[in-house]
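In: turn this into a model:
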Amino acid sequence: MDWNSLLSDNEDLLFTRYTPRYFPAADDMVRYLGDFAEKLGLNIRYGRRVTEVAKDERFRVTDSTGEVYEASTVVIATGPSKPNTPDIPGFELADLYNTVSVDPRDFVDQRVLIIGKGNSAFETAENLIETAAVIHVAGPGSLKLAWRTHYVGHLRAVNNNFLDTYQLKSQNAILDGNILNIAKDGDGYLVSVSFSRADEVVKDIYYDRVIACTGFRFDHEPYVGAAKPDLVINNRFPAQTSEWETTVPGLYVAGTLSQVRDFKKSTSGFIHGFRYQVRALHRALESKNHGVEWTHQRYEPDPATLTDAVLARVNRSSGLWQQFSFLADVIVPDGRYYEEMPLAYAHDHPPADDYFTISLEYGPDHDKVDPFDITVRRINQNDPGRAHDAAYL
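Out: Down below sits the predicted model:
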């Protein structure tokens, strides 16, 4: 099982050759990416930052050395690289997740507020449990657990030991509500919190440190004039079509920014998901710009043959498995079998008037079902007529 490798035909470029760890060190990923680029001979300019992207007839991309690149198609693969800064008065007083000290000794006997309820917030809280006097994790929304929702961006088990320290009555707590204001108070901070579960009662709470773990957003600034794409989801991501084209014709998105298409539903925000989307984007651009038909097989157009092909694919395709509810195989009645096409793309660019889509789906209200509650009955695997009622994949 490998959820960190990029896709290639080189067996040496499997991430499992670099480390056996389920959660590998960041340095292993840096080493892997360097080898990936070298062994595949990728044309990469290092040590440069894009300072401007402009467009008239073609795109003009300027880097920090002043060199200009022209192209008719540009793919953004920079990830959400700027800290997301909510509109909270005094937010600039907080330490940011990407720059705050990770040495727990810097927080001995301090009262610490962590703004945010995602993995970065709980990872930070977990790191400070043994040294901080009090840790509060605060945010307006309900806490969602990845093992229940099946979305890996929700709270992972590896980061949720902090929940025990709250529920088993140490000095730590989760505050459900909005941060209204952060003000300097002597050597610390006075933070106004509106509590969602208590009729929006507002309390002022003193902390020695405030840490912002509020996520990241797309860096919009280098894109100027006609090259500036529209933004969605609280202005954190570029808007995208089913083939990952932004509102700027010819400007596409790849990598973790592509999660707009299945935001908090599938796996596009992470390597094990977006690696298949990158391949699908390649196929979409080949089709659109070069007239190359999407990768497919041809089978005899009879039910038995096509059924065997479907069963072989759903039992072996890592793309359909990792990109549940997003990627699909598409079958045309004449026997053409297209592999790993985004469902929305298939509907927007159907390969024929009539077609079938094959995808792996969770059942209705699956995130409302506790997967460890044995009183919840499973649909028998030999009862395909009721499969659509199952909560599970």
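In: could you pull out the strands for the stretch 51-200 of the chain?
Out: Ranges of strands in the stretch 51-200 of the chain, per DSSP state E, counting those that start in this stretch, are 59-63, 68-71, 74-76, 82-83, 95-96, 111-115, 134-139, 173-185, 188-195.
In: so what's the residue positioned nearest the centre of the chain scoring on pLDDT?
Out: Residue closest to the average C-alpha location in the chain (CA atoms, centre = their mean): Gly269, at 1.8 Å. Confidence at Gly269, expressed as pLDDT, is 91.
In: what of the one 4 residues further on?
Out: Looking at Gly273, its pLDDT reads 94.
In: helix, strand or coil for it?
Out: Judged by DSSP: H, G, I helix; E, B strand; the rest coil, the three-state class of Gly273 is helix.
In: please tell me how far it sits from Ala280.
Out: Distance, Gly273 to Ala280, by CB to CB, to the nearest Å: 11 Å. All C-beta spots, glycine's among them, are computed from the backbone N, C-alpha and C.
In: before we move on, back to that, mind telling me which of the strands of the stretch 51-200 of the chain the model trusts least?
Out: strand 82-83 (a mean of 92).
In: circling back to that earlier point, looking at the strands of the stretch 51-200 of the chain, which is nearest to Asp9?
Out: strand 74-76 (21.2 Å; CB to CB).
In: from the chain's centre, how far out does the closest one sit?
Out: Distance, stretch centre to chain centre, for strand 74-76: 18 Å (CA atoms, centre = their mean, to the nearest Å).
In: what are the pairing partners of it, and which direction each?
Out: Applying DSSP bridges to the sheet, strand 74-76 is found paired with strand 251-253 (parallel).
In: from the rest of the structure, what touches the partner strand?
Out: With contact meaning CB atoms under 8 Å, 6 or more residues apart in numbering, strand 251-253 is reached by 55, 59, 73-77, 227, 229, 238, 240, 243-246, 260, 281, 285.
In: is it possible to mark the buried ones in those residues?
Out: Buried members of the contacts of strand 251-253, counted by 16 or more other CB atoms under 10 Å: 55, 59, 74-76, 227, 229, 238, 240, 243-246, 260, 281, 285.
In: got a markdown table for the strands of the stretch 51-200 of the chain, with distance to Ser5 too?
Out: Below are these laid out as a markdown table (distance: least, CB to CB, whole Å):
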| stretch | distance to Ser5 |
| --- | --- |
| strand 59-63 | 29 |
| strand 68-71 | 28 |
| strand 74-76 | 20 |
| strand 82-83 | 27 |
| strand 95-96 | 30 |
| strand 111-115 | 32 |
| strand 134-139 | 33 |
| strand 173-185 | 35 |
| strand 188-195 | 43 |
